[in-house]
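Colleague: next come a sequence and a model predicted from it.
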Amino acid sequence: MKINAYLIIFLLCPVLSFSQWALQDPLPQDSRLRDVFFSDAMTGYCVGDNGTIIKTTNAGSSWIVLQSGTTQTLNTVFFIDGDTGYIGSNGFILKTTDGGNTWTTFTFGATLGTNILSLFFTDTNTGYAGGSYGKLYKTTDGGQNWNLLPKFPLPVLFTVCHDIYFKDANTGFIAGASDPAEAGKKIILMTTDGGLNWTISYLNNSYVDSFNSMSFPDANTGYAVGRSWGINDINLIKTTDGGVSWFQLPRIPGYLKSIFFTDALNGYAAGSETFGEYDGKIMETTDGGLTWTTTNFSPQLYGLFFTDTHGYAVGDDGTILNTAIDGLAVDTFQNHQISLFPNPAHDYVSLKSENPEQATVRVFDAMGREIPVGKSWSNDTLTLDLQLLNQGFYIVEVINEKRISTAKLIVQ
């Protein structure tokens, strides 16, 4: 495993951007994670290589491994609500209706082999899936059936769909590449009739490669990012008229795989400097993409997602990075911002925290489930009653004055 090496490098690296990114620990696996999605502020999912699905129910303080029933690479994840979600892979889509406990597989029959790279649902029944070979599928019955949409009647050949976004039931966009995939041109396509017809919204004829990701923080403002091959290769574009037209922003160097804007001005992009294995980075802008600051990490990064309070980035070797927004601080396990004693514990454990009367304290088991425990305060010390807990590993979380702190607890 490379996680420990990454952790050492991360803790020694200076953070140059505005946001402070913390490495989540412990990780229940070490496969490459390709995408992350949160159905609410507390519940999130990551998917990746070797059929990996992991889930958190406490905003990333701890993660559990879910059984996918496959060893294939899982590329993308999308949840409609807390229970119903979809995962895209090579020739099939997984669906859950119970928060990831069980999954049903839907294959694509004669078109088996299409690698599903992006998913998006406009409501509980209507969704889109896109990927390799320029194929786009649509379901109108909650994923029970997927129909291949007609080929795009365009003056160029659309060859790969990396990202899908719909701002309403009819108006949507797909980002990808045109012409041969080996030397494609960055392209954005737009539909106003629910995917029946598509037009070119943006096409870069000057340089090769693809747009990899889009983000629309509001109905009018959108961004798309891809890889930059050189100083003249534009890899970042923006729309302010709802995707009707796009204009180029200053190039941001590197191979950017994901972009996420929390509002029209504040956004993040994740990826790597090159194709190297140890040159990941997250870039941040506060002026609508005109200027960016960079935080470098050892592992390559692939996916980004932000809730109202936290941001998450995932990548190689099980890497999960977490940052807080709007002044909410995040402490990793290594920071030891709270101290448990004794630890390991048997019947009771105590911890100290500033302003204890304002603190919220929760305990989670190794499966990420919150466990009720008795609590009693004395001055600045809180005592937790563990007598009803089974032996094993637990996470104690303290939320106090806009700070989240976590610590490992072993009950014997």
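Modeller: Here it is on my side, so go on.
Colleague: would you confirm that Pro253 contacts Glu273?
Modeller: Yes: applying C-beta atoms under 8 Å, one finds Pro253 in contact with Glu273, separated by 7.2 Å. Using the backbone N, CA and C atoms, a C-beta is placed for each residue, glycine as well.
Colleague: the more surrounded of these two?
Modeller: Pro253 (18 against 15; other C-beta atoms under 10 Å).
Colleague: quick one: secondary structure of the more buried one?
Modeller: Here Pro253 takes the coil state, with states given by DSSP: H, G, I helix; E, B strand; the rest coil.
Colleague: so what's Leu340 up against?
Modeller: For Leu340, the contact set (C-beta atoms under 8 Å, 6 or more residues apart in numbering) comprises Val349, Ser350, Leu351, Val396, Ala407, Leu409.
Colleague: sitting in helices, which of those do you find?
Modeller: Applying DSSP state H to these, no entry is found in helices.
Colleague: would you map out the domains in the protein?
Modeller: What automatic domain parsing lists as the domains of the chain is 3-330, 336-411.
Colleague: TSV for the ones you listed, including mean pLDDT?
Modeller: Formatted as TSV, the domains of the chain follow (pLDDT from 0 to 100):
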stretch	mean pLDDT
domain 3-330	85
domain 336-411	77
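Colleague: most neighbours among the contacts of Leu340, please name it.
Modeller: Val349 (25 neighbours).
Colleague: residue contacts, that residue?
Modeller: By C-beta under 8 Å, 6+ apart, Val349 lies in contact with Leu340, Phe341, Pro342, Asn343, Thr383, Leu384, Leu386, Val396, Leu409.
Colleague: name the SS class of Asn50, please.
Modeller: Three-state call for Asn50 (three-state DSSP): helix.
Colleague: neighbours of Pro372, how many?
Modeller: 10.
Colleague: for the closest residue to it other than its chain neighbours, which three-state class applies?
Modeller: Closest residue to Pro372 apart from its sequence neighbours, by C-beta to C-beta, 6 or more residues apart in numbering: Val363 at 8.0 Å. Reduced to three states with three-state DSSP, the structure at Val363 is strand.
Colleague: of the contacts of Leu340, closest to Asp123?
Modeller: Relative to Asp123, the closest of the contacts of Leu340 is Val396; by C-beta to C-beta it sits at 39.3 Å.
Colleague: distance of the closest one from Leu23?
Modeller: With distances taken as C-beta to C-beta, to the nearest Å, Val396 is found 19 Å from Leu23.
Colleague: ditto for Thr291
Modeller: 26 Å.
Colleague: for Arg227, list each beta-bridge partner.
Modeller: Per DSSP bridges, the residues bridged to Arg227 are Tyr255.
Colleague: count of residues packed around it?
Modeller: 22.
Colleague: what residues does the helix or strand harbouring Ile188 touch?
Modeller: Element membership for Ile188, per DSSP states H and E: strand 185-191. Applying C-beta under 8 Å, 6+ apart, the contact partners of strand 185-191 are 152, 154, 156, 158, 170-179, 197-205, 207-211, 214, 224, 226, 235, 237, 243-244, 246.
Colleague: cutoff 6 Å now
Modeller: With contacts defined as C-beta atoms under 6 Å, 6 or more residues apart in numbering, strand 185-191 is touched by 172-175, 178-179, 198-199, 201-205, 210-211, 224, 226, 243.
Colleague: can you select the buried ones from those residues in PyMOL?
Modeller: Applying 16 or more other C-beta atoms under 10 Å to the contacts of strand 185-191, the buried members can be selected in PyMOL as follows:
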select buried, resi 172+173+174+175+178+179+198+201+202+203+204+210+211+224+226+243
